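K.L.:
the following block contains a protein sequence and its predicted model.
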Amino acid sequence: MTQDRKFYTDANRETWEEVADRHRAANQPRLLQEVRNARYSALDPVLIEALAIAGIADKQVIQLCCNNAKDLISVMRMGAVRGVGVDASPAFIAQAEELVAAAGLQSCMELIVSDVYELPDRLKGQFDIVLITVGVFGWMPDLPLFYRVIESLLKPGGHFVIEDMHPVLLMYEPGKDGAASTLQWSYFKQDPWRDTEGLDYFEHEDYEGKPAYSFMHKLDDILMGGLGVGLALRHFREIDFDISHFCQDLEQVEAKPPLGFAMVMEKPA
Ligand SMILES: C[S@@+](CC[C@H](N)C(=O)[O-])C[C@H]1O[C@@H](n2cnc3c(N)ncnc32)[C@H](O)[C@@H]1O
């Protein structure tokens, strides 16, 4: 980290705000219909398996970096009783509010605009499950502090459930216009990436955008970060499909790298 944490989180919030209307156009009309279904789920089987280990029925769940909250709505459809979604971007939280209303879940869900590093104290110790889904660790400039936040949100005996991009996937640069993705970055990269090509990962349209700063967190840092705040590892699975749509061609290559991972950690009771 060459700048302080807030420099990165403030800059990234502006970059997410900038892309919000593009994501809305790509997804919101379809999602507004889909979430009405009482069996709606945006979750893949690997994440469902991880959530089942934590147990969902009657649980209080907080999702950090929830974006439009489609994953949190899916968790509510699995039987959770309270869902709190947090995202730094007001524009994405506005999309989440529309989806929660369309799903009819306003009475058991709350959406909060906040940097995850600056959450209100009232949330501490409230949750059975802290959830993050694809595309979160890479936005965190300070991983140890992120883990302290997660630990503080959990009740004793609560679980941290994760599905995210594998750090090995972040070593690749996506190919443009049908070209193959290429290995380009060190697994041990320490300085952040600074990208100005926008975050339109649904339509894959590049545009000159505000800077996005993202970070390589190695698997040992991800594992040791959790153990370092006293969480115990309960489950770990590597994923061979691209949950991020970042380098989808890698699903087909002969020498396939790990593309994602799911993990469950538990706070001692
Ligand atoms: C890749 S998206 C997450 C997508 C989500 N997993 C899904 O599938 O819908 C990352 C989200 O993290 C949010 N974010 C990034 N840094 C954040 C921070 N410091 N605090 C809160 N939210 C943050 C962004 O606004 C964005 O909505």
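P.N.:
Happy to help now that I have it. Numbering: from 1, shown residues only.

K.L.:
and the residue of the stretch 101-250 of the chain closest to the ligand?
P.N.:
Gly135 (2.7 Å; Cβ to the nearest ligand atom). To be clear about C-beta, it is placed using only N, CA and C from the backbone, and glycine gets the same treatment.

K.L.:
once you drop chain neighbours, what's closest to that residue?
P.N.:
Sequence neighbours aside, Ser244 is the residue nearest to Gly135 in space, at 6.0 Å (criterion: Cβ to Cβ, 6 or more residues apart in numbering).

K.L.:
residues contacting that neighbour?
P.N.:
By Cβ atoms under 8 Å, 6 or more residues apart in numbering, the contact set of Ser244 is Val134, Gly135, Met165, Leu169, Tyr201, Leu259, Gly260.

K.L.:
mean confidence for the helix ranked longest in the chain?
P.N.:
Ranked by number of residues, the top helix in the chain under DSSP state H is helix 5-34. Averaging pLDDT along helix 5-34 yields 96.

K.L.:
by contact count, what packs against it?
P.N.:
helix 90-103, strand 212-214 (3 or more Cβ pairs under 8 Å, 6 or more residues apart in numbering; DSSP states H and E).

K.L.:
now it: buried residues?
P.N.:
Under the neighbour-count criterion of 16 or more other Cβ atoms under 10 Å, helix 5-34 has 8-9, 12-13, 15-16, 18-20, 22-24, 27-28, 31, 34 buried.

K.L.:
returning to what we had before: pretty sure the residue of the stretch 101-250 of the chain closest to the ligand sits in a strand.
P.N.:
No - with DSSP: H, G, I helix; E, B strand; the rest coil as the criterion, Gly135 is coil rather than part of a strand.

K.L.:
tell me the contacts of it?
P.N.:
Contact analysis of Gly135 by Cβ under 8 Å, 6+ apart lists Cys65, Asp164, Met165, Ser244.

K.L.:
now do Leu153
P.N.:
Going by Cβ under 8 Å, 6+ apart, the list of residues near Leu153 reads Ile62, Leu119, Leu123, Lys124, Gly125, Gln126, Phe127, Val130.
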